[in-house]
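K.L.:
sequence unknown, structure follows:
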DNA sequence: CCATTTACGGACCGAACGGTCCACAACCAA
DNA sequence: TTGGTTGTGGACCGTTCGGTCCGTAAATGG
């Protein structure tokens, strides 16, 4: 019972650092050493506090997901219209094209889906959950757009949300593949035209 | 000068096997052992014949790219219209959704862009070349579609080609993220509607 | 001040990694 | 048959991987 030596690191900060690293480098390419350095804790502390590499990674996925939802929610609340919200998100992804390499890192969820969602049931499940939440968030935005008239009601909100999730993934891919910002912005325009 | 012992393996077959493996597992997750087994040759032969892991990988990228172009060219030649060609490509990607995990592997070029194009200049260059070729092929198809009337001429062919490359990448991502075929087909419909 | 509890640093582990090297095998020309 | 040339199998290399373990540090309650 009761307390022993207190933690010498901030678990939240450490988790954040780990997430950033996984996000930039991917799972396989991130070594325990990398993590220890970035998280500023010792190996024993990492294993004690987070279990191991995979467990840590999954916690990073959860954190990323949660943060993403929260960001979307806030952004939607402060957006003039549903369409404007979506435009902001798409253009935000597009703007990564002019970032330096290490910041042109896409979306952790999609990267993970691409890297090894197929190989690990547990990870795949978390990716699926994340995608589902993304589509849900987009659907809410589309519905709001359909209500405020900024988005066509000719198409089902769920389908449009899926379409947008797909487009978002495509943009991330194009940017990672070296697409310049101008091209990506042109693509965004086409996508937005589809919604209007 | 002249000949010594003849090769005991088929270089083309071996390269093909390596490509399949990299395609399924990604670069980092594919070990030399995996490659030796799949290519059915010895370590020395691999180093002698292909240089090393990275060199081999790049040759796989080249092979993939070439094969992709060839496939597209043939398909376009036998397609009723530009739009039909694009529909075929998109639906083909969508159909991966019902494949078993190890065959739901997306596109080697895009996977590579996602995995580590940022980390290696040489690889990044090959990815860029591959993307450029893909966009070019799509542009040709769009132009044919605009000529035969199956695709709108309201939008620039180059922009539409970029949009399609993006959409293709998005579909691959969605499928990898566990999207079911029905949803993906609905997405394809929206994309096709944009073109018409 | 001591017992207990928890966290930490770092030595250590076996396995796997990509890569090198060399003795030997298999072919050709002379 | 022999010398030159190329390919092959496998031992071997140092490094790094993720992970374990233990002695010690730092806190608490009695």
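P.N.:
Received the coordinates, thanks. Just so it is clear, the structure is predicted and the values come from calculations on it, not from any experiment.
K.L.:
Can you give me the buried ones in stretch A:129-143?
P.N.:
Of all the residues in stretch A:129-143, those buried under the rule 16 or more other CB atoms under 10 Å in any protein chain shown are A:130-131, A:133-135, A:137-143. The way it works is simple: take the backbone N, C-alpha and C, and place the C-beta from them, glycine included.
K.L.:
is the helix or strand of chain A with the lowest mean pLDDT up against chain B anywhere?
P.N.:
Ranking every helix and strand in chain A by mean pLDDT, DSSP states H and E puts helix A:108-116 at the bottom, with a mean of 93. Yes - legend: contact between helix A:108-116 and chain B by CB under 8 Å from any CB of the partner chain is shown at A:109-111, A:113-116.
K.L.:
picking up where we left off before, just the buried residues of stretch A:129-143 now: which is nearest chain B?
P.N.:
Nearest to chain B among those: residue A:131, at 4.5 Å, using CB to the nearest CB.
K.L.:
neighbouring contacts of the least confident helix or strand of chain A?
P.N.:
Around helix A:108-116, the neighbours that count as contacts under CB atoms under 8 Å, 6 or more residues apart in numbering or on different chains are A:19, A:22-23, A:26-28, A:60-61, A:64-65, A:68, A:105, A:123, A:126-127, A:130-131, A:134, A:169, A:172, B:26, B:29, B:106, B:110-111, B:114-115, B:173, B:176-178.
K.L.:
Just the buried positions in the strand or helix carrying residue A:192, please.
P.N.:
Counting by DSSP states H and E, the element that carries residue A:192 is helix A:181-195. The neighbour-count check on helix A:181-195 (16+ other CB under 10 Å) flags A:183-184, A:186-192, A:194-195 as buried.
K.L.:
for the record, mean pLDDT for that helix?
P.N.:
In this model, helix A:181-195 has an average pLDDT of 97.
K.L.:
elements contacting it?
P.N.:
If you count contacts as 3 or more CB pairs under 8 Å, 6 or more residues apart in numbering or on different chains; DSSP states H and E, helix A:181-195 packs onto helix A:82-95, helix A:157-176, helix B:157-176, helix B:181-195.
K.L.:
How about the contacts made by the closest residue to residue A:91 other than its chain neighbours?
P.N.:
Nearest non-adjacent residue to residue A:91, counting by CB to CB, 6 or more residues apart in numbering or on different chains: residue A:188, 6.0 Å away. Shown in contact with residue A:188 (CB under 8 Å, 6+ apart): A:87, A:90-91, A:94, A:171.
K.L.:
do that again at 7 Å, thanks
P.N.:
Counting by CB atoms under 7 Å, 6 or more residues apart in numbering or on different chains, residue A:188 touches A:90-91, A:94.
K.L.:
just to revisit the earlier point, wait, does the least confident helix or strand of chain A contact DNA strand C?
P.N.:
No - using CB under 7 Å from any atom of the strand, helix A:108-116 stays clear of DNA strand C, coming no nearer than 14.3 Å.
K.L.:
What separation do you get for the nearest residue to residue A:193 once chain neighbours are set aside and residue A:155?
P.N.:
Spatially, and ignoring its direct neighbours in sequence, residue A:193 is nearest to residue B:194 (7.4 Å; CB to CB, 6+ apart). Distance, residue B:194 to residue A:155, using CB to CB, to the nearest Å: 11 Å.
K.L.:
same thing with residue A:62?
P.N.:
32 Å.
K.L.:
The two: who's more crowded?
P.N.:
Neighbour count, other CB atoms under 10 Å in any protein chain shown: between residue A:62 and residue A:155, residue A:155 has more, with 18 against 15.
K.L.:
helix/strand/coil for the more buried one?
P.N.:
Residue A:155 falls in the coil class when you classify it by DSSP: H, G, I helix; E, B strand; the rest coil.
K.L.:
tell me the contacts of it?
P.N.:
Applying CB under 7 Å, 6+ apart, the residues contacting residue A:155 are residue B:190.
K.L.:
Angles on the backbone of the spatially most central residue of chain A, please.
P.N.:
Centroid-nearest residue in chain A: residue A:107, 4.0 Å away (criterion: CA atoms, centre = their mean). Dihedral angles of residue A:107 (phi, psi; degrees, to the nearest 10) stand at phi -120, psi 130.
K.L.:
Disregarding residues adjacent in the polypeptide, which is nearest to it?
P.N.:
Per CB to CB, 6+ apart, closest to residue A:107 is residue A:172, 5.5 Å.
K.L.:
That neighbour - how many residues pack around it?
P.N.:
Neighbour tally, residue A:172, other CB under 10 Å: 27.
K.L.:
The one 3 residues further on too?
P.N.:
Number of residues near residue A:175 (other CB under 10 Å) recorded here: 26.
K.L.:
Test my guess that it contacts residue A:95.
P.N.:
No - with contact defined as CB atoms under 7 Å, residue A:175 does not reach residue A:95; the gap is 9.0 Å.
K.L.:
which parts of chain A sit against DNA strand D?
P.N.:
So far as CB under 7 Å from any atom of the strand goes, chain A lies against DNA strand D at A:2-6, A:30-34, A:43-44, A:47, A:52-54.
K.L.:
min pLDDT across those, which one?
P.N.:
Ranking the residues of chain A next to DNA strand D by pLDDT, residue A:2 lands last with 65.
K.L.:
What backbone torsions are found at residue A:29?
P.N.:
For residue A:29, the backbone dihedrals are phi -80, psi -10 (criterion: degrees, to the nearest 10).
K.L.:
can you tell me which residues contact it?
P.N.:
By CB under 7 Å, 6+ apart, the contact set of residue A:29 is B:28, B:116.
K.L.:
go with 10 Å
P.N.:
Contacts for residue A:29 (CB atoms under 10 Å, 6 or more residues apart in numbering or on different chains) come out as A:21-22, A:115, B:27-28, B:115-116, B:119.
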